[in-house]
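Enquirer: let me see the structure of the following:
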Amino acid sequence: MSEEAAPRLSAGQVATYLAEHPDFFVGHEALLPGMHLPHSAPGAISLVERQAALLRERVGTLERTLRDLQTHAETNEGLAARMHHLALALIAAAGPCEVLEAARVRLCTDFDLEGALIALEEGHPLSAPCILPPQGAAWAGLFELKDARILRTREAWRELLLHHGLPETASMAAIPLRGECFRGAMLLVKREPQGFRPDMGTLFLEQIGALVSAALERAYPA
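Expert: Numbers count the residues shown, from 1 in each chain. Model (predicted):
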């Protein structure tokens, strides 16, 4: 039957149907917020009261959503400010050692890190005593990274942490460093085992890597 030929129900028919099906709105609550309903006589919960309860639930949900959005906005604003401080420190650094020291200080101070290790692959021209030499297979694997990532605990990482006096139960994030004259990696360490979680995003980690890489590239002696 076409839509034009469908019979139109009268108000009486609708009333009769609702009277025969008093639980009709159970499962059809989505209809209530848009209805205009009179108050019922004292007694059982009226449709108006049910409608008001649904509206209160929706308001509560919206308020929780707004609070979550505000919390995320404040968190992102704080991260943006710390990234700004890091960028300024790297810009002010004059040479490779100054770049790495600025990166370590700002990252550990502003991002609540237990440690920030940086190493470059052998053969780079930035021969500076402040650049850590690779320590075993752990660094070799980090040099191959294409993107920042949260690391899962492995024996190689534990040995690397202990080598640098860091807690072996720490959580870690690895960031590749890339330039025309070097390839390296950063290992950011938080004391808490859940400080870096697998479900965390890596956007800010990627941005940190880009900033430090650009600063090291600029520090390359002409």
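
Enquirer: which residue of this structure sits farthest from its center?
Expert: Gly12 (56.2 Å; Cα atoms, centre = their mean).

Enquirer: and that one, what element?
Expert: Element membership for Gly12 (DSSP states H and E) is helix 11-20.

Enquirer: the strands in the chain, which residues?
Expert: Residue ranges of the strands in the chain, as given by DSSP state E, are 115-120, 149-151, 171-179, 182-190.

Enquirer: can you say which of those is nearest to Leu142?
Expert: Of all the strands of the chain, strand 182-190 sits nearest to Leu142, with 3.7 Å by Cβ to Cβ. C-betas here are computed from N, CA, C, even on glycine.

Enquirer: the closest one versus strand 171-179: what angle between them?
Expert: 160 degrees (axes from the mean of the first three to the mean of the last three Cα atoms, to 10 degrees).

Enquirer: neighbouring contacts of strand 182-190?
Expert: With Cβ atoms under 8 Å, 6 or more residues apart in numbering as the contact definition, strand 182-190 has outside contacts at 103, 107, 111-121, 124-126, 139, 142-143, 145, 151, 160-161, 166, 170-177, 196, 205, 208-209, 212, 216, 220.

Enquirer: just the buried members of the residues you listed?
Expert: By neighbour count, with 16 or more other Cβ atoms under 10 Å, these hold 103, 107, 111, 113-121, 124, 126, 139, 142-143, 145, 151, 160-161, 166, 170-177, 196, 205, 208-209, 212, 216 as buried.

Enquirer: buried sites along the helix holding Gly12?
Expert: Of the residues in helix 11-20, none is buried (16+ other Cβ under 10 Å).

Enquirer: show me what it is packed up against.
Expert: Here helix 11-20 touches no other helix or strand, going by 3 or more Cβ pairs under 8 Å, 6 or more residues apart in numbering; DSSP states H and E.

Enquirer: contacts for it?
Expert: Helix 11-20 has contacts (Cβ under 8 Å, 6+ apart) with Leu9, Phe24.

Enquirer: kindly recompute the last result at 10 Å.
Expert: Pro7, Leu9, Ser10, Phe24, Phe25 (Cβ atoms under 10 Å, 6 or more residues apart in numbering).

Enquirer: pick the one among the residues you listed closest to Glu57.
Expert: Closest to Glu57, out of all of the contacts of helix 11-20 and judged by Cβ to Cβ, is Phe25, at 15.0 Å.
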